[in-house]
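J.: mind looking at a prediction? Sequence and model below.
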Amino acid sequence: MSTAFISDIHLNPQRPDSFARFERFTAQAVRRLRHLYILGDLFDYWVGDDGVDAIGQGRAEAALRAVTDAGVTVFFMRGNRDFLIGDEFAARTNCRLLPDPSTVTVDERAFLLSHGDALCTDDTEHQAARREMLSAKWRFAFMQKPLPERIDTAAELRRRSESRKQRTSRAMMDVNQSAVESFMREHRADTLIHGHTHRPAVHQFNLDGKPAWRYVLGDWHQRRSALYYQRGILALKK
């Protein structure tokens with residue numbers, strides 16, 4: 001039995017191929033996995049735990065519940081698209097919510113986990129929006145809106161995000177190496193696993209004279225991507 005790390009599936013009923021890939025993955029997970037870590041953006045957007053049926057994500061919740069009912073421990077870290085996931089979602093799926101960042105130990109090896117967008121410090125526009133939407137004031141105001149209005153707001157935010165991607169360089173939207181090193185140093189980590197950038201890769205570098213690794217998870221737009229850990233070996237499958 002192994003441990004898997006995934007992120008950026010971006011489930012959306014308008015993209016049924018992603019749903020199909022995720023359901024095939026979860027069907028296999030019950031036979032192969034002991035732990036599953038989802039590091040954010042499982043969903044393309046989230047408007048509150050009360051809106052799951054309105055945005056067509058009941059199917060995804062059912063798939064997750066089948067995994068946890070089979071005995072797989074599923075940990076969920078919120079991303080920038082599904083940061084409004086809360087305790088009701090966790091209760092329905094039996095997932096365990098993780099703060100961002102978190103350090104976890106698997107078979108005596110420690111991994112620093114993050115969604116990853118906080119490390120994209122060159123993208124000042126995203127960082128400003130991130131600070132605003134993660135604030136208690138913004139979240140409270142959003143959740144006071146009627147559900148249809150929340151859905152419309154989420155659609156507008158997604159439209160703006162896609163438009164901004166077209167006018168922002170990929171380099172600017174990637175993580176900043178100095179921010180990565182400061183982050184790992186702060187948490188005394190030699191191995192960081194994150195998503196968000198949709199650029200799956202393994203980066204090895206020196207951190208204060210010692211080897212360090214950064215594993216980047218891929219998105220699931222065309223194919224599934226996962227990082228597996230078993231018997232002391234990490235393997236990224238794109």
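T.: Cool, got the structure.
J.: can you list the strands that the strand or helix carrying Leu112 pairs with?
T.: Secondary-structure assignment from DSSP states H and E places Leu112 in strand 109-114. When pairing is defined by DSSP bridges, strand 109-114 lines up against strand 102-106 (antiparallel), strand 191-194 (parallel).
J.: which one of the ones you listed is the most hemmed in?
T.: Most buried of the strands paired with strand 109-114, by mean neighbour count (mean count of other C-beta atoms under 10 Å): strand 191-194, with a mean of 24. The way it works is simple: take the backbone N, C-alpha and C, and place the C-beta from them, glycine included.
J.: in this structure, which helix is the longest?
T.: When secondary structure is assigned using DSSP state H, the longest helix within the chain turns out to be helix 147-166.
J.: let me see the mean pLDDT of that helix.
T.: When pLDDT is averaged along helix 147-166, the result is 92.
J.: nearest to Tyr45, of the strands paired with strand 109-114?
T.: Distances from Tyr45 to each of the strands paired with strand 109-114 were compared using C-beta to C-beta; the shortest belongs to strand 191-194, at 20.1 Å.
J.: can I get that closest one in CSV, CA atoms only?
T.: Provided in CSV are the C-alpha atoms of strand 191-194 (Å, rounded to 0.1, in the frame of the first residue of the first chain):
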residue,chain,number,x,y,z
THR,A,191,11.3,18.1,0.9
LEU,A,192,8.4,20.3,-0.3
ILE,A,193,5.4,19.0,-2.2
HIS,A,194,3.0,21.5,-3.8
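J.: return the distance of the longest helix of the chain from the chain's centre.
T.: Put simply, helix 147-166 sits 19 Å off its chain's centre (C-alpha atoms, centre = their mean, to the nearest Å).
J.: just stretch 31-47 next, same as before
T.: Once both centres are worked out by C-alpha atoms, centre = their mean, stretch 31-47 turns out to sit 7 Å from its chain's centre.
J.: and what of stretch 90-101?
T.: Using C-alpha atoms, centre = their mean, the mean C-alpha position of stretch 90-101 is found 12 Å from that of the whole chain.
J.: can you tell me the distance between the two ends of it?
T.: Between the opening and closing residues of stretch 90-101 we find a distance of 18 Å, counting by C-alpha to C-alpha, to the nearest Å.
J.: what does it contact?
T.: With contact meaning C-beta atoms under 8 Å, 6 or more residues apart in numbering, stretch 90-101 is reached by 37-38, 40, 49, 52, 61, 64-65, 68-69, 73-78, 85, 87, 89, 104, 112-115, 118, 183, 187.
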